[in-house]
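> quick one, fold the following:
(chains A and B)
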2 protein chains.
Amino acid sequence: MEVEAVAQELATAVHGENWTRLLAILAEVDDLRRAAAVLSWDQQTYMPPGGAQARADQLATLERLAHQRLSQPEVGELLERLAEETTALDPESPPARLLAVARREYQRATKVPPALVEELARVSSLALNVWAEAKAEADFSRFRPHLERLVALQVEKADALGHGGQRYDALLDLFEPGLPTAEVERLFGRLKEGLIPLVQAISQQLDRVSDAVLRQPYPEDQQWAFTLEVLEAMGFDWRRGRQDRSAHPFTTSFAPDDVRITTRFQPNYLGSGLFASIHEGGHALYEQGVPRAWRRTPLAEGASLGIHESQSRLWENVVGRSRPFWQHFFPRLQRRFPDQLGRVDLETFYRAINRVEPSPIRVEADEVTYNLHIFLRFELEQELVAGRLAVADLPEAWNERMQAYLGIRPAHDGEGVLQDVHWASGLFGYFPTYTLGNVLSVQFYQQALEEHPGLPEEIASGQLGGLLAWLRERIHQYGACYEPAELVRRVTGRALDPEPYLSYIRAKYGEIYDL
Amino acid sequence: MEVEAVAQELATAVHGENWTRLLAILAEVDDLRRAAAVLSWDQQTYMPPGGAQARADQLATLERLAHQRLSQPEVGELLERLAEETTALDPESPPARLLAVARREYQRATKVPPALVEELARVSSLALNVWAEAKAEADFSRFRPHLERLVALQVEKADALGHGGQRYDALLDLFEPGLPTAEVERLFGRLKEGLIPLVQAISQQLDRVSDAVLRQPYPEDQQWAFTLEVLEAMGFDWRRGRQDRSAHPFTTSFAPDDVRITTRFQPNYLGSGLFASIHEGGHALYEQGVPRAWRRTPLAEGASLGIHESQSRLWENVVGRSRPFWQHFFPRLQRRFPDQLGRVDLETFYRAINRVEPSPIRVEADEVTYNLHIFLRFELEQELVAGRLAVADLPEAWNERMQAYLGIRPAHDGEGVLQDVHWASGLFGYFPTYTLGNVLSVQFYQQALEEHPGLPEEIASGQLGGLLAWLRERIHQYGACYEPAELVRRVTGRALDPEPYLSYIRAKYGEIYDL
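As a prediction, the model looks like this:
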């Protein structure tokens, strides 16, 4: 179906007083949430440290009002009346799905008391600043009371949302609708079978690949300029977005026409900022591709975090760490950094950006070990919310599991348990979506390749528009219209499947490491 | 009274259910407005052009909700009950004044219908972007329909607020509480008597002073660095604020602990960015000096725009264009720009930054002609809202009055009627506060000088802390506690008085131009 047609299908179905009123309330909720996103973006990019307390209050008020508006009884009544009015609609049509998504959000909102919503926003906004300082000082004890409070609030929230005994189900569903914890456990089990032996095999011959060429002084202004060049080629629309710097790269959307990404650079390591920008650029293309006509409805965003991550990972890894991509871009990169890369050949560079090495930091991890970082977090946060692990014991549990999965131990908590922003932001149940994204990135790309076998040649000539058009048509234009499982089925004709991912990893790294 | 004591006086007087509830509502309103301020700051500093429509919707929702919360009947009931509870309070004490200010805001809010508030926010947010493009293209016709709509909405708003026949009174009172239009007319009449002959006299001998030393290439990064140096010396607290760039410099406060200023540079003219930063820095010191304990109440801001402008003008002109200030800073400026200023003497520089010349642009105008720009705007906007002048005839009316007051005619509307952001932002009745600020800046500084005759020597040695401490103690710490007239009386022992300003201007420019 054409992009315009999908978007229009909503407009034509929607008329009458009940629709008008529901859409007005949803628009108000969306405005409040997007305003909060602006405040949060500013907090992470430009806000002076003194602003933290006021910002926490402001975010709490915005979250509370959004929650209040969404959970007002009128919304429930409107949804009931519209359900009766729309029985003739195809349940997978955009207007029917809009009602379904609005109902899901309404039910979630009415289950969580307003005071708890506000407290979650306030505590996490303050915790975010403490976390940043604690991380810089590698001092978990500063962050510990905040994390204890955050975990307690998550437990309260999960129980308010309701679950069938597995508390984690309620949290995971917020990010990956319709996916039970048990299914993640099965998926991760299969991935472990394939990945852990591979990591062990590679660990025996780490020195087959060097990334020394990436570890030289790279002036930040040139790194910045190159990220802009790559984002431009990917199709990032600068009239509808921008890139800034922050401690932890992220993407946020204030509307399909205003999508912000952030990145951060290391002066002596090229890989950090470059792949952060490509990764966030993948997220941003998704948000910029959501139909403008769905703006201010809950359909105007990604289908789930797993689907979102499939887009960022597809660009970062499947495309951005592939030979065809660098056939085009490596000569351009060499021109920017002639002293550093002028005498490096493409193959050396390709191997460098695909070097595998167990390391403590998730966001710096290679494709093969990355998922092991996720398995660890998935298990620890399950234990935290289940009450089987105390926050006080978390750093040691973290370090022990790092040893078990990756064979390494963080030098300090700054590169251990304090490394990620998620828990400080109140995000529990979020981490598994990264691995879902990895798995789906390959499943989607294989599908694109089946339909367009010429993609690698296009990419090798710097033409990334064909891939973007395919993603726009098959994924982006549907926004949050379908639940992830349904979207995956529509795009690939199959369910979520780890095998293409495992084959891709085995083939790629089998070749690089001569296994 | 000490800063802490004033702030505490509110806390100790405030207890009981009615106070708690009122303060909670006022805090919510403040959070919504400050959130809107963040969105507006982003719109003017970093937002990509595509974001305009969504930003307009978001701002409209925030303004509408703030208005809704403030105008709810419960606020009226609480104010009535608290008026009865607090009859024993000194009417000029902070808690009594908080009630008075809240009552004023409540009454304003209940008079303006919510739909009008939202429409004002939406129309001006969109108009702001059109204005920026129309100004760049010097094309008034693009902006005209927006301005017509803006004027119509201002008329509606003024009539809703109510007035005794003079519609402009209702708008002026929003920015300068308690000051009637007739009093501004008297004040401006007296200023015209003093200033117009002076401008004419100076116009006969413009070539006595040259600003050629300012009109050389000045690299922007060094201009930026010098503004930071000056702001630092003024006492701007970087942990509680920051400076960015925007098309039109402004100051906005998200809290006393997060105050943002913007500036903009001209590559071939030093005066533009430098004095914009000092000016906005003056505003920012005021906002950073408001008691933190009053945060999230309507007392936590400046007393009025006129008082605010007195602070910016005091720093920009009375201090920032004085000999003592540059005795300290000129050698520092020379070190940053040795090629441009190394062989320039202090007196040449002092005369350059105080050069008088009738010119079309208000924000670039010198101290003497500046107020003439204000007289013109004050008169035109009065006529617009009174219905005596059509928007279609505005450009010509503007140009004719420029000719009459300043003896010049703008080359195009970009440097004429389109030059200011105010009307596009929906700000009518705002302009006179600039001249009030000029007059008060001198009245306040004279008072400071009477109490601390050593100030010029301190300033000449780069010690600006004594002046800031005086401003903090006598003005900043009271926030919006007193109406402007009362504050002026408390600080200077007299009413607003144009004579110190006229004497200052005559003495300073009489010397420079040897009149």
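
> quick one, what contacts the closest residue in space to residue A:304 that isn't next to it in sequence?
For residue A:304, ignoring the flanking residues on the chain, the nearest one in space by Cβ to Cβ, 6 or more residues apart in numbering or on different chains is residue A:484 at 4.4 Å. (Each C-beta comes from the backbone N, C-alpha and C, glycine too.) In this structure, residue A:484 makes contact with A:176, A:177, A:178, A:179, A:303, A:304, A:306, A:307, A:436, A:496, judged by Cβ atoms under 8 Å, 6 or more residues apart in numbering or on different chains.

> wait, which of those is closest to chain B?
For chain B, the nearest member of those is residue A:303. The distance, counting by Cβ to the nearest Cβ, is 20.7 Å.

> and the closest one, which of the three is it?
coil (DSSP: H, G, I helix; E, B strand; the rest coil).

> kindly report the same for residue A:253.
Reducing the assignment to helix, strand or coil with three-state DSSP, the entry for residue A:253 is strand.

> number of nearby residues for it?
Each residue near residue A:253 was counted by other Cβ atoms under 10 Å in any protein chain shown, and the total is 25.

> and stretch A:158-175, what's buried?
A:158, A:161, A:163, A:167, A:168, A:169, A:170, A:171, A:172, A:173, A:174, A:175 (16 or more other Cβ atoms under 10 Å in any protein chain shown).

> tell me the secondary structure for the third one?
Three-state assignment for residue A:163 (three-state DSSP): coil.

> give me the pLDDT for it.
Residue A:163 is assigned a predicted lDDT (pLDDT) of 94.

> residue contacts, it?
A:169, A:170.

> which parts of chain A sit against chain B?
Where proximity means Cβ under 8 Å from any Cβ of the partner chain, the interface of chain A facing chain B comprises A:27-28, A:31-32, A:34-36, A:38-39, A:41-42, A:46-51, A:53-55, A:57-58, A:60-62, A:65, A:237-242, A:244, A:254-255, A:257-258, A:295-296.

> so which of the residues you listed sit within strands?
Where the residues of chain A next to chain B overlap with strands, as defined by DSSP state E, the overlap consists of A:241, A:242, A:244, A:254, A:255, A:258.

> distance check, the residue nearest to residue A:304 against residue A:376.
Noted for residue A:484: a distance of 23 Å to residue A:376, by Cβ to Cβ, to the nearest Å.

> nearest to chain B: which residue in the stretch 351-500 of chain A?
Proximity of the stretch 351-500 of chain A to chain B (Cβ to the nearest Cβ) peaks at residue A:479, 15.1 Å away.

> and the closest residue to residue A:30 other than its chain neighbours, what is it in contact with?
Taking Cβ to Cβ, 6+ apart, and ignoring the residues beside it in sequence, residue A:30 has residue A:296 as its nearest neighbour in space, at 4.6 Å. Contacts here follow Cβ under 8 Å, 6+ apart; on that basis residue A:296 touches A:23, A:26, A:27, A:30, A:31, B:57.

> which ones among those map onto helices?
When DSSP state H is applied, the contacts of residue A:296 are split such that A:23, A:26, A:27, A:30, A:31, B:57 fall in helices.

> which residues of the stretch 301-450 of chain A fall in helices?
Remark: helices assigned in the stretch 301-450 of chain A by DSSP state H, counting those that start in this stretch are A:305-313, A:323-336, A:338-341, A:346-353, A:367-386, A:394-406, A:432-451.

> what packs against the next helix or strand after the last one?
Toward the C-terminus, helix A:432-451 is succeeded by helix A:455-460 as the next helix or strand (DSSP states H and E). Helices and strands touching helix A:455-460, by 3 or more Cβ pairs under 8 Å, 6 or more residues apart in numbering or on different chains; DSSP states H and E, are helix A:323-336, helix A:432-451, helix A:465-474.

> which of those is buried the deepest?
A comparison of the helices and strands packed on helix A:455-460 by mean neighbour count, using mean count of other Cβ atoms under 10 Å in any protein chain shown, puts helix A:432-451 on top with a mean of 23.

> now the angle from it to helix A:305-313?
Counting by axes from the mean of the first three to the mean of the last three Cα atoms, to 10 degrees, helix A:432-451 points 60 degrees away from the direction of helix A:305-313.

> mind checking the pLDDT average for helix A:432-451?
Mean pLDDT, computed over helix A:432-451, is 98.

> what comes up buried for stretch A:133-147?
Neighbour-count burial for stretch A:133-147, with 16+ other Cβ under 10 Å as criterion, is recorded at A:134, A:135, A:139, A:140, A:143, A:144, A:146, A:147.

> chain center to it: distance?
Here stretch A:133-147 is found 24 Å from its chain centre; the criterion is Cα atoms, centre = their mean, to the nearest Å.

> same check, this time on stretch A:471-479
The gap between the average C-alpha position of stretch A:471-479 and the chain average comes to 17 Å, counting by Cα atoms, centre = their mean.

> got any ranges where the stretch 351-500 of chain A has weak pLDDT?
The stretch 351-500 of chain A contains no residues with pLDDT under 70.

> swap the cut-off to 90 and go again
Across the stretch 351-500 of chain A, the stretches falling below the confidence threshold (pLDDT under 90) are A:363-364, A:421.

> on that earlier part again, dump the buried residues of stretch A:158-175 to CSV, plus secondary structure.
Rendered in CSV, the data for these read as follows (three-state DSSP):
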residue, secondary structure
A:158, helix
A:161, helix
A:163, coil
A:167, helix
A:168, helix
A:169, helix
A:170, helix
A:171, helix
A:172, helix
A:173, helix
A:174, helix
A:175, helix
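
> and which of those residues is nearest residue A:382?
Using Cβ to Cβ, residue A:168 comes nearest to residue A:382 of these, at 4.8 Å.

> the closest one against residue A:382, yeah?
Yes - A contact is recorded between residue A:168 and residue A:382 when judged using Cβ atoms under 8 Å, the distance being 4.8 Å.

> quickly list what's touching both of those two.
Taking Cβ under 8 Å, 6+ apart as the contact criterion, the residues that touch both residue A:168 and residue A:382 are residue A:181.

> can you give me phi and psi for the residue nearest to residue A:30?
In terms of degrees, to the nearest 10, the main-chain angles of residue A:296 are phi 70, psi 20.

> quick check: the gap between it and residue A:261.
Taking Cβ to Cβ as the criterion, residue A:296 is separated from residue A:261 by 22 Å.

> follow-up on the earlier one: tell me the one of the contacts of residue A:296 nearest residue B:90?
Lowest distance from residue B:90 to the contacts of residue A:296 (Cβ to Cβ) belongs to residue A:31, with 42.1 Å.

> let me see the contact set for the spatially closest residue to the closest one that is not a sequence neighbour.
Taking Cβ to Cβ, 6+ apart as the measure, residue A:31 lies nearest to residue B:61, with 3.7 Å between them; neighbours along the chain are not counted. When the contact criterion is Cβ under 8 Å, 6+ apart, the partners of residue B:61 are A:27, A:28, A:31, A:32, A:35, B:118.

> isn't the third one right up against residue B:62?
Same thing as residue A:31. Yes - applying Cβ under 8 Å as the test, residue A:31 and residue B:62 come out as touching, 7.3 Å apart.

> show the pLDDT at the residue nearest to residue A:31.
Confidence for residue B:61, expressed as pLDDT, is 94.
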